[in-house]
Structures are given as C-alpha cells and as structure tokens.
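> one predicted model, sequence on top.
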Amino acid sequence: MKMQKNWWLGFLGFIGIYKIPGMIEAFQADGSWMKLIGFIWLLWFGYFIPEKKED
C-alpha cells in the first residue's frame, strides 16, 4: 500500500470536522441548509486512504 499522490490534501478535511456542528443544525429546525457546504471539506479526507500497491 502506498499513499496517494496528493495525500497532504487530506489535512483540509480537518476543517470539515470543525464544521460538523453546523451540518447537524442544518437538519434541525434552527439551521440553514447552506451549512451543509461544510460536508465538502470532509470529502478531502479521501486523500488519506492509501492506494493498493501495483506489483
């Protein structure tokens, strides 16, 4: 297994962790749907997933 070429972009996913409370509020009565944009930050965590090493 090896890390993806842009593995360092996975650190941007930490911003998404900070925005989780706002995303939860979006599904409650007092939240705005615009707070769901924070979910995009969580997608950056995908760069931390290693790739299969080709033989």
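Now that the structure is in, tell me what you want to look at. Numbers count the residues shown, from 1 in each chain.

> and stretch 7-27, how far out from the chain's middle?
Here stretch 7-27 is found 5 Å from its chain centre; the criterion is C-alpha atoms, centre = their mean, to the nearest Å.

> quick one: contacts of that stretch?
31-36, 38-48 (C-beta atoms under 8 Å, 6 or more residues apart in numbering). Where you see a C-beta, it was placed from the backbone N, CA and C, and this is true even at glycine.

> how long is it from one end to the other?
31 Å (C-alpha to C-alpha, to the nearest Å).

> report the buried residues of it.
The neighbour-count check on stretch 7-27 (16 or more other C-beta atoms under 10 Å) flags 10, 13, 16, 19, 22-23, 26 as buried.

> need these in TSV (columns: secondary structure).
As requested, the buried residues of stretch 7-27 are exported to TSV (DSSP: H, G, I helix; E, B strand; the rest coil):
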residue	secondary structure
10	helix
13	helix
16	helix
19	coil
22	helix
23	helix
26	helix
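
> of those, closest to residue 4?
Checking these against residue 4 by C-beta to C-beta gives residue 10 as the nearest, at 8.3 Å.

> quick check: the closest one vs residue 48, distance?
Using C-beta to C-beta, to the nearest Å, one gets 4 Å for the distance from residue 10 to residue 48.

> go on, residue 6?
10 Å.

> neighbour count for these two, which is higher?
residue 48 (14 against 9; other C-beta atoms under 10 Å).

> so who does the more buried one touch?
Contacts of residue 48 (C-beta under 8 Å, 6+ apart): 3, 7, 10, 13.

> count of residues packed around residue 38?
Using other C-beta under 10 Å: residue 38 sits among 19 other residues.
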